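Visitor: Sequence and computational prediction follow.
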Amino acid sequence: MLKNNKKLRGIAFSLLAAFFYGVAAVLTRIGVRDYTSPIVGAAIAFVTGIVIMFPVSARGLKTGLKGNRTGILYLLLSGLLAALGIMAYYAAMTTTPVAVVTSITSANPLATILLAHV
């Protein structure tokens, strides 16, 4: 029973994430098309994310930074690549319909599949 409950909770969180990402994509398109540049839009989104995530993650921050340096390096590289991906995503939103951009960027698991087995 407990295993099924965890699985259902995971599915619920996944659906919630999909909804949030979908709404965020539409808001991103409006924001960068009508109000600001893609880089400024990405920066605003990142700062907003930091403001929201910091209080949530502050408790584990002290112990999390004592971890393996290699793991921290991987996370830093991941953040760098995520930032580059977000900037490209925001740039695409200025010229391309939101449904096209989100469909293409949602193909990212293909890159994950290829790279995970290297």
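Guide: Sure thing, it's come through. Since the structure is predicted, the reported quantities are computational estimates derived from the model, not experimental observations.

Visitor: and the host helix or strand of S78, what does it pack onto?
Guide: Using DSSP states H and E, S78 falls within helix 69-93. If you count contacts as 3 or more C-beta pairs under 8 Å, 6 or more residues apart in numbering; DSSP states H and E, helix 69-93 packs onto helix 2-34, helix 38-64, helix 98-105. C-betas here are computed from N, CA, C, even on glycine.

Visitor: Tell me which of these lies nearest to A92.
Guide: Closest approach to A92 among the helices and strands packed on helix 69-93 (C-beta to C-beta): helix 98-105, 4.7 Å.

Visitor: so after that closest one, what's the next helix or strand?
Guide: Once the chain leaves helix 98-105, the next helix or strand it forms, by DSSP H and E, is helix 108-116.

Visitor: buried ones in the one helix or strand in the chain whose mean pLDDT sits lowest?
Guide: When each helix and strand of the chain is scored by mean pLDDT, DSSP states H and E, helix 38-64 comes last, with a mean of 83. Neighbour-count burial for helix 38-64, counted by 16 or more other C-beta atoms under 10 Å, picks out P38, G41, A42, A43, A45.

Visitor: As a markdown table, those with distance to F13 would be great.
Guide: Listed next are the buried residues of helix 38-64 as a markdown table, based on distance: C-beta to C-beta, whole Å:
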| residue | distance to F13 |
| --- | --- |
| P38 | 29 |
| G41 | 26 |
| A42 | 25 |
| A43 | 27 |
| A45 | 21 |
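
Visitor: Closest one of the residues you listed to R29?
Guide: Taking C-beta to C-beta as the measure, G41 is the one of the buried residues of helix 38-64 closest to R29, at 9.9 Å.
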